[in-house]
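Q: what would the 3D arrangement of this be:
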Amino acid sequence: MSLLTTRRRAFLKAAGISIALPAFESLRRACGSERPAPPPVRMVCVGNEFGMYPGAFWPEEAGKDYQLSPLLEPLEPMRNDFTLFGHLDHGLKGGHFAVHTFLTGVKSSDARGMPDSGISLDQRAAEFVGSQTRFPAIAVGSESGLHGGPMMSWTRNGTRVPPIAGPRELFRKLFVEEGEAAKVTERDRIQLRGSILDAVLGDAHSLKKQLNTADTQKLEEYFHSIRAVEQKLRLDSQWQQVPKPAIDTQMPEDEGLARDLPKIYDLIALALQTDSTRVATIEVGGSFAASDLGIKKGYHSLSHHGMDEANISLLVQIELYQVEQFARFVGKLKSIRQPNSDLTLLDSTMALMGSGMGNANSHTNNDLPVILAGGGFRHGSFVKYPNETRSRIPLCNLYTSMLQRFGVETDSFGGSTGTLSGLELS
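A: Residues are numbered from 1 along each chain as shown. Next up is the predicted model:
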């Protein structure tokens, strides 16, 4: 490799630019290799606001031959395609307010002192993807709800990534080409925002010599925010020239999160299949209308069931529906064969389902319900980790393992103490 090539790569890496060259058949032949490149790794994270009722979620025995619990029964056909993890959490308290740490492992108030600054798992993976896909990451859900929803996706500077509200807008974003006039307007917007950023950066740099240490740190955080916007503008400008994938699917209508969930999963599968994105999150919040499932009581009120059997029965119906849709999604990924490969889309997609709430009735955030399917790991077991306080394993150990599988060169994430033992590639 030439020194010039090395310097160019170093510059691109330092600038946060990641551009993948196409696979040239002639170069492969010249190198004596006919094997196609392996498919890219993907990641989908699904989280709900109120967890899962423990009495219907956790199996009695761990191991390979465990009996699936009532809430896990929809996953029976994919039994060997997922792993259930017991006694994993972030060691945090806070009830509903700690739910937002599900994919970060840290509270926002503590994030400043952390190496990853409170960035969420999906956004850390999106940083690695860079400009290789039109959308480095996609978040879908609803802004409404008693507590604002699970709020799963967070940038490195502590800003929540607002979810796309509903399948209609998601479809438009992924597959609908804007008219030429709209494209011109968008190009003008990108250029204007770039000019504004240049002016703002000039003003900020002129202030730097006048600031004390504390204010300098604040300014550096500000610069980081600006750089993130600059990256987004570069990405928008690049993909303005690339047509969106053409698919044979009608634009769906929004009917409320409960009825929309199957459509959202189908669109996420299409987004992965067309390589429009490799990272996606789905937030299932308090706006999930139980009435759409024929249940007259509200989802949030049922999560505080007070051990009333009638309320528990209704709550389990809501949670069972969510697991059914996740199982259907996993099955769909397994049914999609990847081009020039014996692998399915599930083989290269890590599909995580869980919550930052362990028991909504008691507002506890320990023993989080966590399922990981696909991704090329060896699955089929219920793995229980130590329950004693001093021996507990952080959930972020799983996230570190997932990031490494994704291709990120890291030995830690959030509050991890390493990678997760017992999780091996197949």
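
Q: what segments of the chain are helices?
A: With DSSP state H as the criterion, the chain has helices at 3-14, 25-30, 54-57, 121-129, 167-175, 180-207, 213-239, 257-273, 299-303, 309-335, 395-406.

Q: excluding its backbone neighbours, what's nearest S69?
A: Excluding the flanking residues, the one nearest S69 by CB to CB, 6 or more residues apart in numbering is P59, at 4.9 Å. Any C-beta I mention is one placed from the backbone N, CA and C, and that applies to glycine too.

Q: enumerate every residue touching that neighbour.
A: 66-69, 72, 84, 382 (CB atoms under 8 Å, 6 or more residues apart in numbering).

Q: any idea which of the helices of the chain scores lowest on pLDDT?
A: Least confidently modelled of those is helix 3-14, at a mean of 40 by mean pLDDT.

Q: for the contacts of P59, which one is nearest N212?
A: Ranked by distance to N212 (CB to CB), the contacts of P59 are led by L84 at 51.3 Å.

Q: I'd say the closest one and G380 touch.
A: No: taking contact to mean CB atoms under 8 Å, the distance of 9.9 Å between L84 and G380 leaves them out of contact.

Q: between those two, which one's more packed in?
A: Between L84 and G380, counted using other CB atoms under 10 Å, the more crowded position is L84 (23 against 17).

Q: OK, contacts around E255?
A: So E255 contacts D292 (CB under 8 Å, 6+ apart).

Q: cool, T410 as well?
A: Under the criterion of CB under 8 Å, 6+ apart, the contact list for T410 reads 400, 403-404.

Q: rerun that using 6 Å as the cut-off
A: T410 makes contacts with L403, as judged by CB atoms under 6 Å, 6 or more residues apart in numbering.

Q: any idea how far it is from C396?
A: Noted for T410: a distance of 11 Å to C396, by CB to CB, to the nearest Å.

Q: show residues contacting stretch 290-307.
A: Counting contacts by CB under 6 Å, 6+ apart, the residues outside stretch 290-307 that touch it are 50, 146, 256, 258-259, 286, 288, 311-312, 314-315, 318, 321, 360-361.

Q: among these, which pair sits farthest apart?
A: Using CB to CB, these reach their maximum pairwise distance at R259 and N361, which is 26.4 Å.

Q: more neighbours, those two?
A: N361 (20 against 14).

Q: dump the residue contacts of the more buried one.
A: 304-305.

Q: one more: the one 10 residues further on?
A: Listed by CB under 6 Å, 6+ apart, the contact partners of I371 are 82, 84, 353.

Q: if we use 7 Å, what do you get?
A: Contacts for I371 were tallied using CB atoms under 7 Å, 6 or more residues apart in numbering; they are 82, 84, 353-354.

Q: now do L425: how many residues are near it, please.
A: When counting by other CB under 10 Å, one arrives at 9 neighbours for L425.

Q: same check, this time on S291
A: Should you count by other CB under 10 Å, S291 turns out to have 12 residues around it.

Q: pLDDT value on the nearest residue to K107 once chain neighbours are set aside, please?
A: Excluding the flanking residues, the one nearest K107 by CB to CB, 6+ apart is T101, at 5.9 Å. Model confidence at T101, expressed as pLDDT, equals 95.

Q: now do E49
A: Looking at E49, its pLDDT stands at 94.

Q: help me confirm that it comes into contact with V99.
A: Yes: assessed by CB atoms under 7 Å, E49 is found in contact with V99 at 5.9 Å.

Q: where does the residue sitting furthest away from the middle of the chain land on pLDDT?
A: Relative to the centre of the chain, the most outlying C-alpha is that of Q210, 40.3 Å out, by CA atoms, centre = their mean. As summarised for this prediction, Q210 has a pLDDT of 71.

Q: which one of the contacts of P59 sits closest to L270?
A: Relative to L270, and with distances defined as CB to CB, the nearest of the contacts of P59 is L72, at 26.6 Å.

Q: just give me the neighbour total for the closest one.
A: Neighbourhood size, L72 [other CB under 10 Å]: 24.

Q: who's in contact with it?
A: V323.

Q: now the end-to-end length of stretch 60-67.
A: Across its full length, stretch 60-67 reaches 8 Å between end residues, using CA to CA, to the nearest Å.

Q: average pLDDT across that stretch?
A: 96.

Q: again with stretch 156-163
A: Stretch 156-163 shows a mean pLDDT of 88.

Q: so which bits of that stretch are buried?
A: Applying a neighbour-count criterion of 16 or more other CB atoms under 10 Å, the buried positions in stretch 156-163 are 156-158, 160-161, 163.

Q: roughly how far is that stretch from the heart of the chain?
A: Remark: stretch 156-163 is offset 12 Å from the chain centroid, using CA atoms, centre = their mean, to the nearest Å.

Q: figure out the length between the terminal residues of that stretch.
A: Taking CA to CA, stretch 156-163 runs 17 Å from one end to the other.

Q: how is the protein divided into domains?
A: Listed domain ranges for the chain are 42-176+249-406, 178-242 (source: automatic domain parsing).

Q: please identify the deepest-packed of these.
A: Here the criterion is mean neighbour count by mean count of other CB atoms under 10 Å, and of the domains of the chain the winner is domain 42-176+249-406, at a mean of 20.

Q: could I get the domains of the chain as TSV with distance to G414?
A: Listed next are the domains of the chain as TSV, based on distance: least, CB to CB, whole Å:
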stretch	distance to G414
domain 42-176+249-406	3
domain 178-242	18
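
Q: for the residue nearest to L121 when sequence neighbours are not counted, list the residues it contacts.
A: The shortest distance from L121 to any non-neighbouring residue, by CB to CB, 6+ apart, is to L103 (4.3 Å). Remark: with contacts taken as CB under 7 Å, 6+ apart, L103 is in contact with 45, 120-122, 152-153.
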